[in-house]
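1. Kindly return the folded structure for what I paste below:
(one chain, ligands or ions: 1)
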Amino acid sequence: MKTIYLDNNATTAVAPEVREAILPYLGDLYFNPSSMYQQAVQVAGALNQAQEDIAEFLGGVFPDEILFTSGATESNNTALYGSVRANPARRHIVTSAVEHPAILEVVKDLERTGCEVSVVPVDENGNLDMREFVGALRPDTLLVSIMHANNESGVIFPINELARIVKETSPEILFHSDATQSVGKVPINLRSEYADVDLLSFSGHKLHAPKGIGALYVKRGTALRPYLVGGHQQQGRRAGTENAAFIVGLAKACKLAAQCHAQEEPRITAMRDKLERELTTRIPFVHVSGKGAPRLGNTLNISFHYIEGEGILYQLNEHGICASSGSACTSGSLDPSHVLKAMGVPFTALHGSVRFSLSRYTSEDEIDEIIKVLPEIVQKLRRLSPYWDQAKQQPRPGAPRGEVFDDRAKHPV
Ligand code: PMP
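-> Modelled structure (predicted):
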């Protein structure tokens with residue numbers, strides 16, 4: 001059976017061009033870039049080139065503003081712990097309710113060690129509450145950490161504007177953004193539009209590079225203590241022998257993302273829109289999270305009232321389709337997603353969400369296959385749902401007064 005992969009917010013396929021760029025460094029070019037012989041200097045040269053390419057990709061920043069890490073989790077940990085340790089006099093942090101656990105868990109830990117944290121809520125569309133955001137900023141705030149695009153809903157926060165507001169409040173406050181889901185999908189120019197951002201995290205495997213490589217942009221002059229200490233690699237800012245192969249791969253992936261962007265983003269968005277349109281027309285009682293907000297063009301988070309997302313995923317997988325439950329907590333607990341809860345998704349839809357996330361390797365035929373099989377899967381699961389019989393008698397959320405719902409009319413058995 002053919003695999004239909006629509007879980008690109010979880011991870012992406014390594015691009016063939018990236019794999020090709022990596023291979024020499026897993027073969028003959030295995031030298032430690034810190035060694036002094038000519039062969040190793042060649043590897044060090046490749047790292048410098050990768051740094052330059054990524055700096056260029058992010059709007060022409062200084063190459064030494066790019067720090068290589070093992071991924072966004074390490075980049076986020078470095079940004080948060082590193083700035084707290086470098087600025088012991090300031091203890092107040094502002095973040096949002098819908099951040100990835102790689103921010104929220106760090107912030108909780110910092111709270112236990114004496115930091116004060118303000119968590120800004122979102123509205124039902126997933127937009128950040130701007131009034132609360134502005135109100136949370138204080139003259140003694142150390143750091144603001146607000147993600148760029150949400151991994152579950154795809155909702156994009158205006159970090160350029162948020163960073164500007166932060167700097168107007170006080171140029172001393174640092175602005176960090178977890179841009180793991182937006183880098184490669186949304187152009188980010190850290191010299192012009194996004195110039196007020198001080199720190200920016202991302203991971204290679206969300207843009208067709210391998211897992212286990214990422215970067216943190218650190219604006220020159222930002223006080224930051226290293227998170228990993230040991231050797232003097234990367235000017236003493238992150239210890240550990242550099243993963244030369246994957247760093248080269250990350251730079252290649254960034255270049256490819258820039259090249260493909262103009263052509264691929266409209267195509268991806270059109271496919272996502274088709275999927276959303278067709279599913280919402282063919283299936284009653286659905287809820288699309290983030291629909292009323294600026295959203296990544298590749299993400300559709302759709303909830304089916306009265307059934308479980310996991311059941312849907314299981315059945316989709318019988319057709320070779322890979323997607324993610326938008327509701328299951330990553331820790332494996334049965335708690336519904338903190339993101340959907342923060343958005344006030346109705347209780348009956350909270351457990352029934354599925355996240356489809358597309359990439360430039362997604363084809364229209366794959367989208368058509370989902371449109372073909374999903375209505376029947378939902379219908380079958382609803383027949384087994386104890387809530388469904390009662391629910392059918394209720395007015396459809398948002399339906400005109402007096403509408404009688406008949407699922408057979410929409411889905412002849
Ligand atoms: N932040 C966001 C928004 C993410 O989506 C992810 C990955 N799901 C991470 C951080 C962590 O990335 P990694 O697992 O590559 O460290």
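
2. can you map out the helices along the protein?
-> Secondary structure of the chain (DSSP state H): helices at 16-26, 38-57, 72-86, 101-112, 130-136, 159-169, 244-282, 309-317, 338-342, 347-350, 364-384, 386-393, 407-410.

3. Name the residues of the first one that are buried.
-> By neighbour count on 16 or more other Cβ atoms under 10 Å, the buried set for helix 16-26 is 18, 19, 21, 22, 25. In this view, the C-beta of every residue, glycine as well, is placed from N, C-alpha and C.

4. Can I get that helix in PDB? Just the C-alpha atoms.
-> The C-alpha coordinates for helix 16-26 follow below in PDB (Å, rounded to 0.1, in the frame of the first residue of the first chain):
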ATOM      1  CA  PRO A  16      17.200  13.900  -1.900                       C
ATOM      2  CA  GLU A  17      19.400  17.000  -2.500                       C
ATOM      3  CA  VAL A  18      20.000  17.300   1.200                       C
ATOM      4  CA  ARG A  19      20.900  13.600   1.500                       C
ATOM      5  CA  GLU A  20      23.300  14.000  -1.300                       C
ATOM      6  CA  ALA A  21      24.900  17.000   0.300                       C
ATOM      7  CA  ILE A  22      25.300  15.100   3.600                       C
ATOM      8  CA  LEU A  23      26.800  11.900   2.300                       C
ATOM      9  CA  PRO A  24      30.500  13.000   1.700                       C
ATOM     10  CA  TYR A  25      30.700  14.000   5.400                       C
ATOM     11  CA  LEU A  26      29.600  10.500   6.400                       C
END
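
5. Which residues outside that helix are in contact with it?
-> Helix 16-26 has contacts (Cβ atoms under 8 Å, 6 or more residues apart in numbering) with 43, 46, 208-210, 244-246, 248-249, 251-253, 256.

6. ok, back up a step: quick one, which of the helices of the chain is nearest to residue 204?
-> Nearest to residue 204 among the helices of the chain is helix 244-282 (4.4 Å), distances taken as Cβ to Cβ.

7. Tell me which other helices or strands the closest one touches.
-> Applying 3 or more Cβ pairs under 8 Å, 6 or more residues apart in numbering; DSSP states H and E, we find helix 244-282 packed against helix 16-26, helix 38-57, strand 286-289, strand 299-304, helix 364-384.

8. Would you mind giving these as TSV with mean pLDDT and distance to residue 350 added?
-> TSV is the format used below for these (pLDDT from 0 to 100; distance: least, Cβ to Cβ, whole Å):
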stretch	mean pLDDT	distance to residue 350
helix 16-26	98	37
helix 38-57	98	38
strand 286-289	96	9
strand 299-304	97	7
helix 364-384	97	16
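
9. Residue 68 touches residue 237, doesn't it?
-> No: look at residue 68 against residue 237 with Cβ atoms under 8 Å: they stay out of range, at 9.8 Å.

10. More neighbours: which of these two?
-> More crowded of residue 68 and residue 237, by other Cβ atoms under 10 Å: residue 68, with 27 against 20.

11. Look at residue 231 and say how many residues are nearby.
-> Residue 231: 12 neighbours (other Cβ under 10 Å).

12. what's the pLDDT at residue 277?
-> At residue 277 the predicted local confidence, pLDDT, stands at 98.

13. cool, the one 5 residues further on as well?
-> Reading off the confidence values, residue 282 has pLDDT 98.

14. That one reaches residue 373, doesn't it?
-> No: counting by Cβ under 8 Å, residue 282 does not reach residue 373; the two are 11.1 Å apart.

15. Give me the most central residue, this protein.
-> Nearest to the mean C-alpha position of the chain, by Cα atoms, centre = their mean, lies residue 181 at 2.9 Å.

16. so what's it up against?
-> 9, 147, 148, 149, 150, 151, 154, 206, 296.

17. Now for the last one: which residues touch it?
-> Contact partners of residue 296, counting by Cβ under 8 Å, 6+ apart, are 149, 154, 156, 181, 182, 185, 186.

18. can you rerun that using 6 Å?
-> Residues near residue 296 by Cβ atoms under 6 Å, 6 or more residues apart in numbering: 149, 154, 185.

19. Please report the distance of it from residue 207.
-> 12 Å (Cβ to Cβ, to the nearest Å).

20. cool, the fourth one as well?
-> As judged by Cβ to Cβ, residue 149 and residue 207 stand 12 Å apart.

21. just the third one next, same as before
-> Relative to residue 207, residue 148 is positioned 13 Å away (criterion: Cβ to Cβ).

22. what do you get for residue 260?
-> For residue 260, the distance to residue 207 (Cβ to Cβ) stands at 10 Å.

23. In terms of neighbours, single out the busier of those two.
-> Using other Cβ under 10 Å as the criterion, residue 260 and residue 207 rank with residue 207 on top: 24 against 16.

24. Hmm, residue 258 and the more buried one touching each other?
-> No: applying Cβ atoms under 6 Å as the test, residue 207 and residue 258 come out as separate, 10.3 Å apart.

25. tally of neighbours for residue 267?
-> By other Cβ under 10 Å, neighbour count at residue 267 equals 16.

26. scratch that, residue 347 is what I was asking about
-> 10.

27. ok, now residue 67?
-> Using other Cβ under 10 Å, the number of residues around residue 67 comes to 25.

28. same question, the one 5 residues further on
-> Counted by other Cβ under 10 Å, the residues lying close to residue 72 total 26.

29. For it, report the pLDDT, please.
-> In this model, residue 72 is scored at 98, pLDDT.

30. Tell me how far it lies from residue 100.
-> In this view, residue 72 and residue 100 are 8 Å apart by Cβ to Cβ.

31. what's the answer for residue 308, then?
-> Distance of residue 308 to residue 100, given as Cβ to Cβ: 23 Å.

32. Point out the residues in the stretch 201-350 of the chain that sit beside the ligand.
-> For the stretch 201-350 of the chain, the contact set with the ligand under Cβ under 6 Å from any ligand atom comprises 203, 205.

33. All good on my end, thank you.
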